[in-house]
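Asks: can't give you the sequence, but here's the structure:
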């Protein structure tokens, strides 16, 4: 039983750690930069990605035996876009301000290469439960990196955290951190720090070796 | 404010799409292929040209599809199909890319040999879907000429950014970058510095 739990937890742990989509595989960077100006938009984007990634990998895995090989990319795109439309309509109906703040970036989850990468690279060859957990893990790893970047950017760039003022009196927000260049630099620094603390292990070696 | 349909307005949109509202530097779109393919100038140029062409054509196509079919009361279908926007747009892009690939392979083999490998990658380049979606603004209702100018400008802006980056990275190959910063880290930080330089254009033209 404990072995089963361990096997099921592995895709989730890998997605967050040694196969983190942003830090290790450079996937899904566009939206990672665009929504991290505020912690609130980042959280919504993270939840949206968890939903779309886990259910898309589940659906792709369930349909993998009946999907003709030549049209598999189109099928995957269709599945992903369906879930993205659900998220988009839900946000528009319930959280209209948030939907406006995210703008086109909700729609751009379709072209987030993290999801297509997991569908094509994992879900096409594995069972539904494992694929679901794999999508969940990758999206969780993605969301955590986004959260780290936004926790740097919102206090420095706007002097707030989740909309509450946290800056000491007389603090002048650094405009450039809130603007586009700050996103690139904050992300570069996060990548640098993480790779310096946990150096990249060769994926060819078996990942359990260090434990 | 931009005057709809005037030549001056179109020039403003075109220049804004290249300089102040650069799709990569200010909207972060197309980062994945930007990082993966900017290692040398030749491939960067090939990818840039392919992206420019597809962005321009699909922006015009999808604008036509949106106002011709999807909006409520459109000439071809009166029902409100706007909720299908994402699905239809990505299918139009994928279909167009496939078509271009087939035409180029059949009639221009030399061009296919040089640029062909980039075409399948373009479908998942978020710069293209991004430009398509940005031009569907329910409040501003950009017309077809504005969409064409924005699509062409954005493509050229992306081409310029990836070529600049390829030039920098060709020189960077000889420099001593700390190991954890190599690859993704240094590329993103350099992009940030480039974006800062692009901020200097702020206010020259505005979209």
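Replies: Nice, thanks for sending it over. Just so you know, these numbers come straight off a predicted model, no measurement behind them.
Asks: Which helix or strand in chain A has the lowest average pLDDT?
Replies: In chain A, the helix or strand scored least confidently by mean pLDDT, DSSP states H and E is helix A:2-16, which has a mean of 68.
Asks: Give me the next element, helix or strand, following that helix.
Replies: helix A:29-34 (DSSP states H and E).
Asks: and that following helix with chain B, contact?
Replies: Yes. Under the criterion of CB under 8 Å from any CB of the partner chain, helix A:29-34 makes contact with chain B via A:29-31, A:33-34. Where you see a C-beta, it was placed from the backbone N, CA and C, and this is true even at glycine.
Asks: Show residues contacting that helix.
Replies: Here helix A:29-34 makes contact (CB atoms under 8 Å, 6 or more residues apart in numbering or on different chains) with A:22, A:45, A:105, A:108-109, A:111-112, A:142, A:145-146, A:149, A:180, A:183-184, A:187, B:27-32, B:35, B:126, B:130, B:188.
Asks: So for the residue in chain B that chain A sits nearest to, what's the nearest residue that isn't a sequence neighbour?
Replies: For chain B, the residue closest to chain A is residue B:192, as judged by CB to the nearest CB, at 3.1 Å. Residue nearest to residue B:192 in three dimensions, not counting chain neighbours: residue A:184, with 3.1 Å by CB to CB, 6 or more residues apart in numbering or on different chains.
Asks: Now go through the contacts of helix A:29-34 and say which are in helices.
Replies: A:45, A:142, A:145-146, A:149, A:180, A:183-184, A:187, B:31-32, B:35, B:126, B:130, B:188 (DSSP state H).
Asks: Go through those and name the one nearest residue B:20.
Replies: residue A:180 (10.9 Å; CB to CB).
Asks: give me every residue that touches residue B:59.
Replies: Residue B:59 neighbours (CB under 8 Å, 6+ apart): B:131-132, B:135, B:147-148, B:150-151, B:154.
Asks: Any chance of those residues in JSON lines with secondary structure and distance to residue B:109 as columns?
Replies: Listed next are these as JSON lines, based on DSSP: H, G, I helix; E, B strand; the rest coil; distance: CB to CB, whole Å:
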{"residue": "B:131", "secondary structure": "helix", "distance to residue B:109": "29"}
{"residue": "B:132", "secondary structure": "helix", "distance to residue B:109": "30"}
{"residue": "B:135", "secondary structure": "coil", "distance to residue B:109": "34"}
{"residue": "B:147", "secondary structure": "helix", "distance to residue B:109": "32"}
{"residue": "B:148", "secondary structure": "helix", "distance to residue B:109": "29"}
{"residue": "B:150", "secondary structure": "helix", "distance to residue B:109": "33"}
{"residue": "B:151", "secondary structure": "helix", "distance to residue B:109": "27"}
{"residue": "B:154", "secondary structure": "helix", "distance to residue B:109": "29"}
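Asks: Quick one: which of the residues you listed has the lowest pLDDT value?
Replies: Within these, pLDDT reaches its minimum at residue B:135, with 84.
Asks: Burial check on it, number of neighbours?
Replies: Using other CB atoms under 10 Å in any protein chain shown, residue B:135 has 24 other residues around it.
Asks: What residues does it make contact with?
Replies: So residue B:135 contacts B:59, B:62-63, B:142, B:146-147, B:150-151 (CB under 8 Å, 6+ apart).
Asks: Look up how far residue B:167 lies from it.
Replies: 30 Å (CB to CB, to the nearest Å).
Asks: circling back: what about the residue of chain B closest to chain A, neighbour count?
Replies: 22.
Asks: next one: residue B:85
Replies: Residues near residue B:85, counting by other CB under 10 Å: 21.
Asks: what about it, helix or strand, and which?
Replies: Residue-wise, residue B:85 maps onto helix B:85-107 under DSSP H and E.
Asks: Look at residue B:177 and say how many residues are nearby.
Replies: Neighbours of residue B:177 (other CB under 10 Å): 12.
Asks: The residue nearest to it when sequence neighbours are not counted in helix, strand or coil?
Replies: Nearest residue to residue B:177, sequence neighbours excluded (CB to CB, 6+ apart): residue B:186, at 5.2 Å. When classified by DSSP: H, G, I helix; E, B strand; the rest coil, residue B:186 comes out as helix.
Asks: Correct me if wrong: residue B:186 contacts residue B:168.
Replies: No. The pair residue B:186 / residue B:168 is not scored as a contact, 9.8 Å apart, by CB atoms under 8 Å.
Asks: More neighbours: those two, which one.
Replies: residue B:186 (20 against 16).
Asks: mind listing what that one touches?
Replies: By CB under 8 Å, 6+ apart, the contact set of residue B:186 is A:188, B:172, B:177.
Asks: one more time with 10 Å, if that's ok
Replies: Residue B:186 is in contact with A:188, A:191-192, B:168-169, B:172, B:175, B:177-178, B:180, counting by CB atoms under 10 Å, 6 or more residues apart in numbering or on different chains.
Asks: try residue A:54
Replies: With CB under 10 Å, 6+ apart, residue A:54 has these contacts: A:83, A:115, A:118, A:131-140.
Asks: Take those and write them to TSV, including neighbour count, distance to residue A:153 and secondary structure.
Replies: Putting the contacts of residue A:54 into TSV (neighbours: other CB atoms under 10 Å in any protein chain shown; distance: CB to CB, whole Å; DSSP: H, G, I helix; E, B strand; the rest coil) gives the following:
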residue	neighbour count	distance to residue A:153	secondary structure
A:83	20	28	helix
A:115	33	24	helix
A:118	28	26	helix
A:131	26	33	helix
A:132	23	31	helix
A:133	23	30	helix
A:134	27	29	helix
A:135	32	27	helix
A:136	22	26	helix
A:137	26	25	helix
A:138	32	23	helix
A:139	30	21	helix
A:140	21	20	helix
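Asks: so how many other residues sit close to residue B:165?
Replies: Residue B:165 - counted by other CB under 10 Å - has 23 other residues nearby.
Asks: can I assume it is in contact with residue B:39?
Replies: Yes. Between residue B:165 and residue B:39 there is a contact under CB atoms under 10 Å: 9.4 Å.
Asks: Please enumerate the shared neighbours of these two.
Replies: B:172, B:187.
Asks: which stretches of chain A have low pLDDT?
Replies: A:1-8, A:25, A:200-211 (pLDDT under 70).
Asks: Test for you: state the pLDDT assigned to the closest residue in space to residue B:96 that isn't next to it in sequence.
Replies: Here the nearest residue to residue B:96 in space, its sequence neighbours aside, is residue B:58; by CB to CB, 6+ apart that works out to 5.5 Å. Looking at residue B:58, its pLDDT reads 92.
Asks: same thing with the one 3 residues further on?
Replies: In this prediction, residue B:61 carries a pLDDT score of 91.
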